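Chemist: Next one to model:
(2 chains)
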Amino acid sequence: ETGVTQSPTHLIKTRGQQVTLRCSSQSGHNTVSWYQQALGQGPQFIFQYYREEENGRGNFPPRFSGLQFPNYSSELNVNALELDDSALYLCASSPTTGNPTDTQYFGPGTRLTVL
Amino acid sequence: QKEVEQDPGPLSVPEGAIVSLNCTYSNSAFQYFMWYRQYSRKGPELLMYTYSSGNKEDGRFTAQVDKSSKYISLFIRDSQPSDSATYLCAMSAGAQKLVFGQGTRLTINP
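Modeler: Numbers count the residues shown, from 1 in each chain, chains lettered A, B, ... in the order given. As a prediction, this is how the structure comes out:
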């Protein structure tokens, strides 16, 4: 049991809408990373948050944004949804940042479908 | 060209067989190499972690890294039906930004 939870499990939106996905980190973890996993592909790094600040970003446009709260829970916001945004969105928490040996624990993901 | 290449399979083998999964990569800055297992409708879970070149064994699983060839492998001995899943290789140059392969879908037939 990793302890990372995500909500909702599934979500259907239409093109142009905005969506907010939520993640609750494992207890004691202050770093959260978000990944996008398209069907049949490996996860792609979106960004990482450490102590409420963005700490690295992948090759995703600014309409992908995030927040981390004092309790280390996190949100991923996507504006102006496009069909290609349909994917499984994974969040992963770890005890620290900058230490690549720290295991990242993944949540079960939110399946987003954009119609 | 992708930074990490992984044959998506699918790969189907009989129970008890030795399974070999592989990834190649192009970024020589990668120092940390991981294998994740992902069951259907679940998030990835870490199986093996290796720093730099060398071998690492954990039970039925062995991870190998050859940095000179930019090639990593995962071997599963005495494969079980419960090993059926998608296996993802992942790499990092540091700071926990993971770069994943496409994943190989593996089925172990009883």
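Chemist: what's the spatially closest residue to A:A38 that is not a sequence neighbour in contact with, if anything?
Modeler: The shortest distance from A:A38 to any non-neighbouring residue, by C-beta to C-beta, 6 or more residues apart in numbering or on different chains, is to A:A87 (4.7 Å). For glycine as for every other residue, the C-beta is placed from the backbone atoms N, C-alpha and C. Going by C-beta atoms under 8 Å, 6 or more residues apart in numbering or on different chains, A:A87 touches A:36-39, A:111-112.
Chemist: Which parts of the chain are strands?
Modeler: In the absence of a named chain, this looks at chain A. For chain A, the strands defined by DSSP state E cover A:5-7, A:10-13, A:19-24, A:31-37, A:44-50, A:53-57, A:64-68, A:74-78, A:87-94, A:105-106, A:110-114.
Chemist: Not quite, go with chain B.
Modeler: Under the criterion DSSP E, chain B carries strands at the ranges B:4-6, B:11-14, B:19-25, B:32-38, B:45-51, B:54-58, B:61-66, B:71-76, B:85-92, B:99-100, B:104-109.
Chemist: Let's have those in JSON lines, adding distance to chain A, mean neighbour count and mean pLDDT.
Modeler: Listed next are those as JSON lines, based on distance: least, C-beta to the nearest C-beta, whole Å; neighbours: other C-beta atoms under 10 Å in any protein chain shown; pLDDT from 0 to 100:
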{"stretch": "strand B:4-6", "distance to chain A": "7", "mean neighbour count": "20", "mean pLDDT": "96"}
{"stretch": "strand B:11-14", "distance to chain A": "14", "mean neighbour count": "13", "mean pLDDT": "96"}
{"stretch": "strand B:19-25", "distance to chain A": "10", "mean neighbour count": "19", "mean pLDDT": "97"}
{"stretch": "strand B:32-38", "distance to chain A": "5", "mean neighbour count": "23", "mean pLDDT": "95"}
{"stretch": "strand B:45-51", "distance to chain A": "5", "mean neighbour count": "16", "mean pLDDT": "91"}
{"stretch": "strand B:54-58", "distance to chain A": "13", "mean neighbour count": "12", "mean pLDDT": "92"}
{"stretch": "strand B:61-66", "distance to chain A": "14", "mean neighbour count": "18", "mean pLDDT": "96"}
{"stretch": "strand B:71-76", "distance to chain A": "14", "mean neighbour count": "20", "mean pLDDT": "97"}
{"stretch": "strand B:85-92", "distance to chain A": "5", "mean neighbour count": "24", "mean pLDDT": "96"}
{"stretch": "strand B:99-100", "distance to chain A": "3", "mean neighbour count": "22", "mean pLDDT": "95"}
{"stretch": "strand B:104-109", "distance to chain A": "9", "mean neighbour count": "17", "mean pLDDT": "96"}
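Chemist: Residues of chain A that sit close to chain B?
Modeler: A:2, A:4, A:31, A:33, A:35, A:40-45, A:48, A:55-56, A:58, A:90, A:92, A:94, A:97-109 (C-beta under 8 Å from any C-beta of the partner chain).
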